[in-house]
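**Q** pasted the sequence and its predicted model underneath.
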Amino acid sequence: MTDAQHGGPGAATVGGARAATAGGMTRFDKTYDQPDPRAYFRALRPFAYQTPGHAQRVFRRLRRALRTGDPATESLTVLDLCCSYGINAALLNHDVTLDELYARYTSPRAAQLSTAELAEWDREFYGERRLSDAVPVVGLDIAANAVAYGLAVGLLTEGFAENLESAPPSPELRRAVRRARLITVTGGTSFLSPRTFRPLLSAARGPVWVAAFVLRTTPYRAIAECLASFGLATERAVPTFPQRRFTSLREQRYALDAVTASGNDPAGKESDGYFHTALHLSRPTSDVVATPLDALVPAV
């Protein structure tokens, strides 16, 4: 799931998919656990959902920073939370942009394919575009179909359909997390708590960076405090990143109220029609001192 999804019962048709509205935000439940990602891209394209595109630039910088001068991180493994169909992995490890993925999965050719045919097409597509500095990506999401697709087309090295908010991680997931040096999340922080992060950090064998794009309508303090208990200091980048357009005036009013209540200013951001996210990066204090956050965050 992603932070594009949030809310409760009630439904409307948005972008060709059923979208529920409650609690102020629209949620696109039916797009997140389909056999393949076509419905996801069809539903979110009209609202210019773009967080994975911003994250692509940030996560690639983090990958380079982690590998510099530390032999222990040359075999860097990324754990992507709320990984969905492996979109972050696609953008991190392949010569492709988010706009190209939108065009691909909403194309007439894609519409004519079965899921099996689409997966075969994708395996060839990503295989031809895999970067020389690609890293293993472990995916975690409650959406079993989405995780299975990411595995089937080779975007995810390993994938786990588990909900750590309601149950402890499986032994297999704990084993996979041992190698993680970077934990990423571009959506889903609205649904996550220390219950998810604590067992993951406990399973990791080495120091870990956690990079999270968090909606400005969502508090992050509890997670940051959990990460601090593992020796990670959390910084929030100054620039914010447009997430997607609002689906309605109701959504915008919700966002304006929530952002204002948190002590932030919606002017020029939510007031202009978009949800915005803020990048939170948690690292060991020695890494915070060695590499300033500004050096890792490209201009919006």
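**A** Here it is on my side, so go on.
**Q** going forward, measure contacts between C-alpha atoms and count neighbours the same way
**A** Fine.
**Q** quick one: pLDDT of residue 18?
**A** For residue 18, the pLDDT comes out at 35.
**Q** also the one 10 residues further on?
**A** At residue 28, the model reports a pLDDT of 85.
**Q** neighbours of it, how many?
**A** 28 (other C-alpha atoms under 10 Å).
**Q** which of the helices or strands spans residue 139?
**A** strand 137-140 (DSSP states H and E).
**Q** actually residue 52, not the one I typed
**A** Using DSSP H and E, residue 52 falls in helix 51-67.
**Q** identify the residues contacting that helix?
**A** 73-74, 76, 87-88, 91-92, 97-98, 182, 184, 186, 211, 213, 241-244, 277, 296-298, 300 (C-alpha atoms under 8 Å, 6 or more residues apart in numbering).
**Q** in ChimeraX, select just the buried ones from these.
**A** To isolate the buried ones among those in ChimeraX, judged by 16 or more other C-alpha atoms under 10 Å, type:
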select :73,76,87,88,91,92,98,182,184,186,211,213,241,242,243,244,277,296,297
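**Q** in a helix, residue 116, correct?
**A** Yes - per DSSP: H, G, I helix; E, B strand; the rest coil, residue 116 lies within a helix segment.
**Q** show me the strands in the stretch 151-300 of the chain, by range?
**A** 158-160, 180-185, 209-215, 232-245, 274-284 (DSSP state E, counting those that start in this stretch).
**Q** distance to residue 34 and mean pLDDT added to those strands, as JSON lines?
**A** Compiled in JSON lines, these are given as follows (distance: least, C-alpha to C-alpha, whole Å; pLDDT from 0 to 100):
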{"stretch": "strand 158-160", "distance to residue 34": "16", "mean pLDDT": "98"}
{"stretch": "strand 180-185", "distance to residue 34": "20", "mean pLDDT": "97"}
{"stretch": "strand 209-215", "distance to residue 34": "24", "mean pLDDT": "98"}
{"stretch": "strand 232-245", "distance to residue 34": "21", "mean pLDDT": "97"}
{"stretch": "strand 274-284", "distance to residue 34": "25", "mean pLDDT": "98"}
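**Q** hey, which of these is tucked in deepest?
**A** strand 209-215 (a mean of 25; mean count of other C-alpha atoms under 10 Å).
**Q** tilt between that one and strand 274-284?
**A** Strand 209-215 runs at 160 degrees relative to strand 274-284, counting by axes from the mean of the first three to the mean of the last three C-alpha atoms, to 10 degrees.
**Q** ok, strand 209-215: who's next to it in the sheet?
**A** strand 180-185 (parallel), strand 274-284 (antiparallel) (DSSP bridges).
**Q** identify all contacting residues around that strand.
**A** Here strand 209-215 makes contact (C-alpha under 8 Å, 6+ apart) with 3, 51, 55, 59, 181-187, 189-190, 220, 232, 243, 275-284.
**Q** the helix holding residue 52: which residues count as buried?
**A** Here helix 51-67 shows 51-60, 62-63, 65-66 as buried, counting by 16+ other C-alpha under 10 Å.
**Q** just the CA trace of the helix or strand harbouring residue 125, in CSV.
**A** Secondary structure from DSSP H and E places residue 125 in helix 115-129. C-alpha atoms of helix 115-129 as CSV (Å, rounded to 0.1, in the frame of the first residue of the first chain):
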residue,chain,number,x,y,z
THR,A,115,-0.9,-11.1,-16.6
ALA,A,116,1.4,-13.9,-17.6
GLU,A,117,2.2,-12.2,-20.9
LEU,A,118,2.8,-8.8,-19.1
ALA,A,119,5.1,-10.5,-16.7
GLU,A,120,7.1,-12.0,-19.5
TRP,A,121,7.3,-8.6,-21.3
ASP,A,122,8.4,-7.0,-18.0
ARG,A,123,11.1,-9.6,-17.4
GLU,A,124,12.7,-8.8,-20.7
PHE,A,125,12.2,-5.0,-20.2
TYR,A,126,13.8,-4.8,-16.8
GLY,A,127,16.5,-7.3,-17.7
GLU,A,128,17.7,-5.1,-20.6
ARG,A,129,17.7,-2.0,-18.4
